[in-house]
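> Quick one: sequence plus predicted model below, questions after.
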Amino acid sequence: MKVVSFVAQKGGAGKSTLAVSLAVAAQERGLKVTILDLDQQRTARRWFERREAAAPEVAALDSTQLPAALAALKQRCDLVVIDTAGADAPAAKAVMMASDLCLIPARPSVADIEAAQPTIHALHRLGRPFAFVLNACPPSKNIRLLDAFRALQLMGAVAGVAMANRADHVDALAQGLGVTERDPSGKAAAEVRDLLQWLLVRLEGKTDGETALVA
């Protein structure tokens, strides 16, 4: 079982949206997936309550319940996706320590890049592996996106797949769907599948896709 968490102190980075769509895409690949919602806003849990499908299941809990939850899932899950609060909460340390990889969503802006630094410092102190995911980006490459990619590279690994700011993400979240279900042939779905492929490769200990930004 692998544990992937979305961590970022800045709210609005898109952690919940990415978490649920990535989990759905992983399930479509044949993986057994569970989402753990440690965010007090319960965005992922409310998404699940709107969802007609029974999986991937979303369990809402706090950091004190995390060790027991992961132990119970170990024998029946391939992938656990953890959604966390957009703040420096006490739960952050517990989540980071339990994760095989921590993903930090960041918009291509100076504010988001600067806001990521406390999270990075915490991950370095704990010795936990992490990577940035550029999120809510312009639909096509531009100088701002490339500059953000290079700036994040100086701070750590970066997924080679940029997630564009597309309406499918908003619509899918509102409908209890992943973007790969909302429009399987859409560009948002393709980006999520590419991000999942990058993630699975990374979890195998490889670093493909961290040196270039894929269009």
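That came in fine, so what should we check first?
> Asp112 reaches Ala106, doesn't it?
Yes - here Asp112 reaches Ala106: they are 4.4 Å apart, a contact under CB atoms under 8 Å. Glycine gets a C-beta too; all of them are placed from N, C-alpha and C.
> Output the longest helix belonging to the chain.
helix 187-203 (DSSP state H).
> List the contacts of Leu79.
Residues near Leu79 by CB atoms under 8 Å, 6 or more residues apart in numbering: Met1, Lys2, Val3, Val4, Ala23, Ala26, Leu31, Lys32, Val33, Thr34.
> Mind checking which of these are in helices?
Filtering the contacts of Leu79 for helices - DSSP H - leaves Ala23, Ala26.
> re earlier: spell out which residues are contacts of both of Asp112 and Ala106.
Lys10, Ala13.
> quick one: which of the two has more around it?
Ranked by neighbour count (other CB atoms under 10 Å), Asp112 and Ala106 place Ala106 first, with 28 against 22.
> and the gap between that one and Gln65?
Going from Ala106 to Gln65 by CB to CB, to the nearest Å gives 28 Å.
> Pro56 too?
For Pro56 relative to Gln65 (CB to CB), the value is 18 Å.
> Those two: which is more packed in?
Using other CB under 10 Å, the more surrounded residue of Pro56 and Gln65 is Pro56, with 25 against 14.
> What are the phi and psi values at that one?
Taking degrees, to the nearest 10, you get phi -70, psi 140 for the backbone angles of Pro56.
> Now do the same for the nearest residue to it once chain neighbours are set aside: its pLDDT.
Beyond its immediate neighbours in the sequence, the residue positioned closest to Pro56 (CB to CB, 6 or more residues apart in numbering) is Val33, lying 4.2 Å away. With respect to pLDDT, Val33 has a value of 98.
> Would you mind confirming that Val33 makes contact with Ala26?
Yes - using CB under 8 Å, Val33 is in contact with Ala26, at 4.9 Å.
> shared neighbours of the two, anything?
Between them, Val33 and Ala26 share the contacting residues Pro56, Asp78, Leu79, Val81, judged by CB under 8 Å, 6+ apart.
> Where does the last one sit, in terms of helix or strand?
Translated: Val81. strand 79-83 (DSSP states H and E).
> quick one, that strand and helix 187-203 angle?
With axes from the mean of the first three to the mean of the last three CA atoms, to 10 degrees applied, the angle from strand 79-83 to helix 187-203 works out at 110 degrees.
> where does Asp168 land in three-state SS?
helix (DSSP: H, G, I helix; E, B strand; the rest coil).
> gap between it and Ser21?
Counting by CB to CB - Asp168 and Ser21 are separated by 9 Å.
> Find residues that contact each of the two.
Val179, Ala188.
> Settle it for me: which of those two has more neighbours?
For Asp168 versus Ser21, the count of surrounding residues by other CB under 10 Å is larger for Ser21: 30 against 21.
> Against which helices or strands is the helix or strand hosting that one packed?
Assigned by DSSP H and E, Ser21 belongs to helix 15-28. Applying 3 or more CB pairs under 8 Å, 6 or more residues apart in numbering; DSSP states H and E, one finds that helix 15-28 contacts strand 2-6, strand 33-37, helix 43-50, strand 79-83, strand 101-106, helix 167-175, helix 179-182, helix 187-203.
> So for Pro129, which of those sits nearest?
When the helices and strands packed on helix 15-28 are compared by CB to CB, strand 101-106 sits nearest Pro129, at 5.3 Å.
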